[in-house]
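1. Could you work out the structure for the sequence below:
(one chain, ligands or ions: 1)
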Amino acid sequence: MSKRLLILYTGGTIGMQHTEKGLAPAPDLAANISALIGSGRTLASDPPQLSVQTVDPLIDSSDMRPGNWIELAGRIESVYDQYDGFVVLHGTDTLAYTSSALSFFIQKRGKPVIVTGAQLPFGYPRSDARSNLISAVEVAATLPEHLTQVCVVFGSRILRGNRATKISARAYDAFASPRVGELGRIGIDIEFQGQQGAPLPLPVNARALSIPADDAVVLLRLYPGISANILRLICQDTNLQALIIEAYGSGNGPVSDPAFTAAIREAIAKGIVVLVVSQPLDGVVHFDRYAAAHEFAGAGAVSGLDITPEAAVTKLYYLIAAGYDSREIKDILSVSLAGEMHLPS
Ligand SMILES: NC(=O)C[C@H](N)C(=O)O
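-> Take a look at the predicted model:
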């Protein structure tokens, strides 16, 4: 039986048109999608039955906020039983945040959710929009059960959604998951990999979600010169519940500055959860490798292991949206909720 798929068009370059201010989202894509895939000749598998919904307003993904993730996840969950899979068309700028977010915010599991976009608009010569869209639909219709999860399909790659990161603003293979293997490759054939199993069901109970304050989470990338004053100023924000420190290498930072370490301790004493993630694309936090990282552990910060900054941000917004308190959040951060981290065995 042919699969029933829902395509949700949220905006992004894939459907943009030229305006006097530059490229901007346009609603015409939905008609193109139906015409393109309706014939079925474009697909190698049985043509699926497609429904297309255009999210209002269409946005450049640089305007995405946590409330948009909750809305999108809610839309998918509200019709979860009516479809066999979902394709989300999205801008590339924050695509890896949304694919990570959906892996947490969609609390139902068992159906593929494929997120894709394009580097050039649909109507442009040499655009990747058509091929990415067709590949995403095909993957949604044929993803093997053991790989079923939120995926990014882009260019030649099929990636775990919460491991993906944007690595290029120019190449058609714009995304990679450097901290974990790919789920598959798209060439003449679509080849799925055997090893990367699907994430297990959320090991925390599904909960009602409320939109968190945008300033409940901060992602702070360390750089030479970062000062304790800046840290303290950030932590004065009364909405702040989680501070993610994007540290060097294996979780290192300027902890030999006593004021810096004191500022981290003060934040934690206030009930702010401090999570340390790594800057390099393939980075893994090991608090016991360098003294410069060890101090973070001593201060009470949590190691994000190999979680990407995108997955760290969205996981924290999810836990806050689900109403967990700081002690619970600290505990849950050490658990892989949707395959976003590799836990040491
Ligand atoms: N390629 C793209 O989709 C970029 C666009 N600014 C967006 O993220 O919506």
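
2. buried residues in stretch 227-236?
-> Buried residues in stretch 227-236, counted by 16 or more other Cβ atoms under 10 Å: 228, 231, 234-235. Yep, even glycine has a C-beta here, placed from its N, CA and C like the rest.

3. okay, those residues in CSV with pLDDT, secondary structure and distance to residue 342 next?
-> Listed next are those as CSV, based on pLDDT from 0 to 100; DSSP: H, G, I helix; E, B strand; the rest coil; distance: Cβ to Cβ, whole Å:
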residue, pLDDT, secondary structure, distance to residue 342
228, 96, helix, 32
231, 97, helix, 29
234, 98, helix, 29
235, 97, helix, 30
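
4. so what pLDDT did the residue of the chain found nearest the ligand get?
-> Nearest residue of the chain to the ligand (Cβ to the nearest ligand atom) works out as residue 91 at 1.9 Å. Looking at residue 91, its pLDDT is 98.

5. Where does it sit: helix, strand or coil?
-> coil (DSSP: H, G, I helix; E, B strand; the rest coil).

6. Tell me how many other residues crowd it.
-> 24 (other Cβ atoms under 10 Å).

7. One more: the one 10 residues further on?
-> A total of 30 residues lie near residue 101 under the criterion other Cβ under 10 Å.

8. Likewise for the one 4 residues further on?
-> Counted with other Cβ under 10 Å, residues neighbouring residue 105 total 25.

9. these two touch, right, it and residue 321?
-> Yes: distance between residue 105 and residue 321: 7.4 Å, which falls inside the contact criterion (Cβ atoms under 8 Å).

10. shared neighbours of those two, anything?
-> Shared contacts of residue 105 and residue 321, defined by Cβ atoms under 8 Å, 6 or more residues apart in numbering, are found at 70, 209.

11. and the gap between the closest residue to residue 270 other than its chain neighbours and residue 168?
-> Spatially, and ignoring its direct neighbours in sequence, residue 270 is nearest to residue 235 (6.6 Å; Cβ to Cβ, 6 or more residues apart in numbering). Per Cβ to Cβ, to the nearest Å, residue 235 is found 34 Å from residue 168.

12. returning to that earlier point: quick one: contacts for the residue of the chain closest to the ligand?
-> For residue 91, the contact set (Cβ under 8 Å, 6+ apart) comprises 10-14, 59-62, 64, 117.

13. and the worst-scoring helix or strand of the chain on mean pLDDT, what does it pack onto?
-> Least confident helix or strand, the chain: helix 29-38 with a mean of 74, by mean pLDDT, DSSP states H and E. Helix 29-38 is packed against strand 4-11, strand 49-59, helix 129-142, with contacts defined by 3 or more Cβ pairs under 8 Å, 6 or more residues apart in numbering; DSSP states H and E.

14. which parts of the second one are buried?
-> In other words, strand 49-59. Residues 50, 52, 54-55, 58-59 are the ones in strand 49-59 that count as buried (16+ other Cβ under 10 Å).

15. quick one: low-confidence parts of the protein?
-> Along the chain, segments meeting pLDDT under 70 span 37-42, 195-203.

16. which ones are touching the residue most central in space within it?
-> For the chain, the residue whose C-alpha lies nearest the mean C-alpha position (Cα atoms, centre = their mean) is residue 100; its distance is 2.3 Å. Applying Cβ under 8 Å, 6+ apart, we find residue 100 in contact with 161-162, 164, 308, 310-311, 313-315, 340.

17. Kindly reformat those as a markdown table containing distance to residue 111, neighbour count and secondary structure.
-> A markdown table is the format used below for these (distance: Cβ to Cβ, whole Å; neighbours: other Cβ atoms under 10 Å; DSSP: H, G, I helix; E, B strand; the rest coil):
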| residue | distance to residue 111 | neighbour count | secondary structure |
| --- | --- | --- | --- |
| 161 | 13 | 33 | helix |
| 162 | 16 | 33 | helix |
| 164 | 19 | 32 | coil |
| 308 | 23 | 26 | coil |
| 310 | 22 | 25 | helix |
| 311 | 20 | 32 | helix |
| 313 | 24 | 22 | helix |
| 314 | 19 | 27 | helix |
| 315 | 21 | 30 | helix |
| 340 | 19 | 27 | coil |
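
18. Excluding residues flanking it in the chain, which one is nearest residue 267?
-> residue 235 (4.5 Å).

19. Let me see the contact set for residue 192.
-> Counting by Cβ under 8 Å, 6+ apart, residue 192 has contacts 143-144, 147, 158, 183-184.

20. ditto for residue 283
-> So residue 283 contacts 179, 249-250, 277, 306 (Cβ under 8 Å, 6+ apart).

21. before we move on, the earlier item: now the contacts of residue 91: which count as buried?
-> The neighbour-count test (16+ other Cβ under 10 Å) marks 10-14, 59-61, 64, 117 as buried among the contacts of residue 91.

22. Can you see whether the least confident helix or strand of the chain contacts the ligand, counting any residue in it?
-> No: using Cβ under 6 Å from any ligand atom, helix 29-38 stays clear of the ligand, coming no nearer than 12.1 Å.
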